[in-house]
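Q: sequence? don't have it. structure:
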């Protein structure tokens, strides 16, 4: 079993009038990477001002993003080291850099949805159960979260690159080159190159698992080798599967043609 990064206990974000994700009375606020990234997508899709404030932090150091603290600070695990904090800020900026039509999470507030839609937004991110360790979600995500049936399937950046190729939005050689370039980066280099790579993926129509990407960024300094290996393995595994599917589809099409010819 691979080692994991343990993130200190995270405080549930404090309620605020501009939150967009109100807590139900008597309930804990959702925490961790999945709840955070869901919330950022919801807020960016609903409020151009939030989106602009977060987008301004793209590629910048933690001490040069004053416009982001208002929205990100409340989500940080208590006592989080710089690498973990930086992962939260970088992912928030990348989510905000998307075109509005690319957001995959419904806005928490709609004209006719009212309170029910807002409460539904809270349920999108599960809070740690009583007695469950609250580690910012990094440890649970690091092993794929297989033991937690409540979590949706995660996917690495390598699989996203493969899906961009399958969708026809990127040449395989370009995707392979870009992925290998990212895999060779230091922590600083990865934060510098990643926004452009992710923007290219989104324009190619490939999904990005923001929560998993946040975890991978937070673990890069100590466990980068493991993360790189997973990215590359997932890329080639997904490309192989796509090739097999394409071959089967071609065989099926050929069989139909032969039948019609008779």
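A: Cool, got the structure. Note that this is a predicted model, so its numbers are computed, not measured.
Q: which residues in the stretch 51-200 of the chain form strands?
A: With DSSP state E, counting those that start in this stretch, there are no strands along the stretch 51-200 of the chain.
Q: count of neighbours near residue 99?
A: Counted with other Cβ atoms under 10 Å, residues neighbouring residue 99 total 9. Backbone N, C-alpha and C define where each C-beta goes, glycine included.
Q: let me see the contact set for it.
A: Residue 99 makes contact with residue 202 under the criterion Cβ atoms under 8 Å, 6 or more residues apart in numbering.
Q: biggest helix in the protein by residues?
A: As assigned by DSSP state H, the longest helix anywhere in the chain is helix 210-261.
Q: ok, the closest residue in space to residue 85 that isn't next to it in sequence to residue 227 distance?
A: Ranked by Cβ to Cβ, 6 or more residues apart in numbering and with sequence neighbours excluded, the top spatial neighbour of residue 85 is residue 76, at 5.7 Å. According to Cβ to Cβ, to the nearest Å, residue 76 and residue 227 sit 21 Å apart.
Q: doesn't residue 211 make contact with residue 34?
A: Yes: with contact defined as Cβ atoms under 8 Å, residue 34 counts as touching residue 211 (4.3 Å).
Q: from residue 197, how far out is residue 242?
A: Note on residue 242: its distance to residue 197, by Cβ to Cβ, is 20 Å.
Q: same question, residue 46
A: 27 Å.
Q: same question, residue 57
A: For residue 57, the distance to residue 197 - Cβ to Cβ - is 17 Å.
Q: of these two, who's got more company?
A: A count of neighbours by other Cβ under 10 Å puts residue 57 above the other of residue 57 and residue 197, at 24 against 20.
Q: give the contact list for the more buried one.
A: Taking Cβ under 8 Å, 6+ apart, we find residue 57 in contact with 64, 65, 67, 68, 89, 92, 93.
Q: thinking again about what came up before, higher neighbour count, residue 76 and residue 227?
A: Between residue 76 and residue 227, residue 227 has the larger neighbour count (other Cβ under 10 Å), namely 24 against 20.
Q: how close does that one sit to residue 217?
A: The gap separating residue 227 from residue 217 is 9 Å, by Cβ to Cβ.
Q: ok, residue 175 next?
A: Applying Cβ to Cβ, the value for residue 175 to residue 217 is 20 Å.
Q: quick one: the helices in the stretch 1-150 of the chain?
A: Applying DSSP state H, counting those that start in this stretch to the stretch 1-150 of the chain gives helices spanning 32-46, 48-55, 66-72, 82-96, 114-123, 138-142.
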